[in-house]
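Chemist: What follows is a protein structure lacking sequence information:
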């Protein structure tokens, strides 16, 4: 049942994004809220699958969940700092961030579905790598935005 609910939520989010792009119904608010909705969906499932009583081999390790929470918390803090400094914020998704989201959602589906033929722990390691890479790229972009502000002042 949890797998079905998660799949419906993920699918409806994807369809919503597709419709917004296809019919040019994008907005600044949507560009901000859509990634937040993706984060909430992924983090909620991740936290639940870290602390539930599912079989150990399908449970997310605590370090992995802490990595995601810390990364997203630092990115949110950085966004607030940039917004307070500049009065505006450029949110530019990167390919590593999109890969991280796709890999995390895949890992969540695998943990809920539990197919014996999927190597779960290597999937977690690959997802963690892309998460770290996306963090570095977002951090670099944040520094660029702050530096541009300093040069314009």
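Modeler: Happy to help now that I have it. In this text the structure is predicted, and so the values were computed from the model without any measurement.
Chemist: Go ahead and confirm residue 86 touches residue 145.
Modeler: Yes: with contacts counted by Cβ atoms under 8 Å, residue 86 reaches residue 145, the gap being 6.9 Å. In short, each C-beta sits where N, CA and C put it, glycine included.
Chemist: So which of these two has more stuff around it?
Modeler: Neighbour totals were compared for residue 86 and residue 145, and residue 145 leads with 20 against 14 (other Cβ atoms under 10 Å).
Chemist: For this structure, which helix extends over the most residues?
Modeler: helix 120-152 (DSSP state H).
Chemist: Just name whatever secondary elements that one is in contact with.
Modeler: The helices and strands touching helix 120-152, judged by 3 or more Cβ pairs under 8 Å, 6 or more residues apart in numbering; DSSP states H and E, are helix 62-86, helix 95-113.
Chemist: Those: which one's closest to residue 6?
Modeler: helix 95-113 (6.2 Å; Cβ to Cβ).
Chemist: Could you pull out the buried residues of the closest one?
Modeler: Neighbour counts using 16 or more other Cβ atoms under 10 Å place 96-97, 99-101, 103-105, 107-112 of helix 95-113 among the buried residues.
Chemist: nearest to residue 7, of those?
Modeler: residue 109 (7.0 Å).
Chemist: Quickly note the distance from that closest one to residue 9.
Modeler: Computed as Cβ to Cβ, to the nearest Å, the residue 109 to residue 9 distance reads 11 Å.
Chemist: so who does residue 26 touch?
Modeler: Contact analysis of residue 26 by Cβ atoms under 8 Å, 6 or more residues apart in numbering lists residue 20.
Chemist: For it, grab phi and psi.
Modeler: Main-chain dihedrals, residue 26, degrees, to the nearest 10: phi -80, psi 150.
Chemist: Now do it against residue 83, distance only.
Modeler: Counting by Cβ to Cβ - residue 26 and residue 83 are separated by 20 Å.
Chemist: and if you look at residue 50?
Modeler: Distance from residue 50 to residue 83, by Cβ to Cβ: 30 Å.
Chemist: out of the two, which sits in the busier spot?
Modeler: Higher neighbour count among residue 50 and residue 83: residue 50, with 19 against 12, using other Cβ under 10 Å.
Chemist: Could you pull up the contacting residues of the more buried one?
Modeler: 59-62, 64-65 are the contacts of residue 50 under Cβ under 8 Å, 6+ apart.
Chemist: confidence score at residue 150?
Modeler: pLDDT, residue 150: 55.
Chemist: Understood, closing this out.
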